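Pasted the sequence and its predicted model underneath.
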Amino acid sequence: MAVIHHTTLKPTKLELLTAWLPSRPWYRGAAQAPQLARVGGFRLDDPQGEVGIECLVVTDRSGDRPVTYFVPLTYRGAPLDGAERGLVGTLEHGLLGRRWIYDGAHDPVLVGQLFAVFQSRAVPQAQDVTDARDDSVHGRLAETAAAAAVGSSAVAAAATVVDAAHGTELVLHTSTGAGGKAEAAGARATLGLRIERVLAALPREGGVGSTGGAGPECLGTLTGAWQSADGMAHRGLLATLHAAER
């Protein structure tokens with residue numbers, strides 16, 4: 001269970017993202033600095049209780065039209081070896097001291113827990129309340145034989161992480177063992193995980209089970225909710241699972 005600390009952060013998360021977002025290939029802003037507001041998101045628990053996991057939804061209002069981004073982050077008490085490309089920055093936490101903030105696509109703890117949400121093995125938590133579910137986040141697997149096999153797998157490693165104009169693509173090595181744990185003796189597979197970065201609202205008739213145009217090859221979808229500046233609620237696709245390209 002993640003404990004929410006209500007304390008000071010210097011710089012704040014949004015200040016870190018204001019400096020970091022323009023360096024991403026999927027950022028849609030122009031020359032001016034982003035004007036960010038937090039409009040949604042959720043937390044996930046690290047089974048070991050060491051890494052903070054927060055999936056932020058932020059809207060940039062600096063341009064002619066607001067653009068909403070999905071930014072999964074992890075918070076660590078020490079640098080993560082081999083994840084220099086994913087470092088967003090550092091901040092000082094009022095209670096915990098210095099925290100290293102990573103783009104979650106580069107952190108195996110977040111990737112493993114996000115994968116578990118598709119399988120209903122990890123429960124999304126509210127951002128600002130300790131031990132409270134966020135029922136607006138829905139992970140589901142497709143009703144196919146290929147997707148059924150995903151349900152008993154776990155992530156063994158992320159082979160590649162590629163940022164592109166449309167989002168972030170990961171190639172995952174998975175293994176099937178007892179209880180969905182990755183074990184050397186289990187069957188192995190390679191899957192693709194796409195993290196949507198620029199969010200678009202699903203048609204209201206799509207409902208929580210809609211794939212949002214993810215396509216017939218999609219093995220699973222993750223959807224979540226956010227609010228626009230006028231207070232209107234939106235739901236959109238946050239991530240998808242699919243067969244890895246060969």
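Received it, and whenever you're ready, just let me know what you need. Numbers count the residues shown, from 1 in each chain.

and the gap between L56 and D107?
14 Å (C-beta to C-beta, to the nearest Å). Where you see a C-beta, it was placed from the backbone N, CA and C, and this is true even at glycine.

Contacts only, for P79.
Each residue near P79 by C-beta atoms under 8 Å, 6 or more residues apart in numbering is listed here: L87, W100.

So it: helix, strand or coil?
Here P79 is recorded as coil under DSSP: H, G, I helix; E, B strand; the rest coil.

any idea how far V137 is from it?
The value you get for P79 to V137, if C-beta to C-beta is used, is 29 Å.

so Y75 touches R98, yeah?
No: judged on C-beta atoms under 8 Å, Y75 makes no contact with R98 at a distance of 10.5 Å.

Give me the more crowded residue out of the two.
More crowded of Y75 and R98, by other C-beta atoms under 10 Å: Y75, with 21 against 11.

So the more buried one belongs to a strand, correct?
Yes: counting by three-state DSSP, Y75 is part of a strand.

burial count for the spatially closest residue to it that is not a sequence neighbour?
Here the nearest residue to Y75 in space, its sequence neighbours aside, is G52; by C-beta to C-beta, 6 or more residues apart in numbering that works out to 3.5 Å. G52 has 24 neighbouring residues, counting by other C-beta under 10 Å.

cool, L73 as well?
If you count neighbours by other C-beta under 10 Å, L73 ends up with 22.

remind me which residues of the protein are low pLDDT?
Counting by pLDDT under 70, the chain contains low-confidence residues at 1-6, 95, 177-187, 205-216, 246.

Residue nearest the middle of it, spatially speaking?
What sits nearest the mean C-alpha location of the chain, by C-alpha atoms, centre = their mean, is P72, with 3.9 Å.

helix, strand or coil for the residue lying closest to A122 once chain neighbours are set aside?
Sequence neighbours aside, A116 is the residue nearest to A122 in space, at 3.7 Å (criterion: C-beta to C-beta, 6+ apart). Assigned with three-state DSSP, A116 falls in the helix class.

can you count the residues close to A116?
19.

Is it in contact with V123, as I believe?
No: A116 lies out of contact with V123 (C-beta under 8 Å); the separation is 9.2 Å.

how about the strands in the chain?
9-10, 36-44, 52-60, 67-76, 87-93, 97-103, 138-141, 153-163, 167-176, 188-196, 218-227, 233-243 (DSSP state E).

Can I get those strands in JSON lines including distance to V129?
Compiled in JSON lines, these are given as follows (distance: least, C-beta to C-beta, whole Å):
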{"stretch": "strand 9-10", "distance to V129": "18"}
{"stretch": "strand 36-44", "distance to V129": "10"}
{"stretch": "strand 52-60", "distance to V129": "13"}
{"stretch": "strand 67-76", "distance to V129": "18"}
{"stretch": "strand 87-93", "distance to V129": "19"}
{"stretch": "strand 97-103", "distance to V129": "20"}
{"stretch": "strand 138-141", "distance to V129": "19"}
{"stretch": "strand 153-163", "distance to V129": "28"}
{"stretch": "strand 167-176", "distance to V129": "28"}
{"stretch": "strand 188-196", "distance to V129": "25"}
{"stretch": "strand 218-227", "distance to V129": "16"}
{"stretch": "strand 233-243", "distance to V129": "19"}
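
Good, we can wrap up now.
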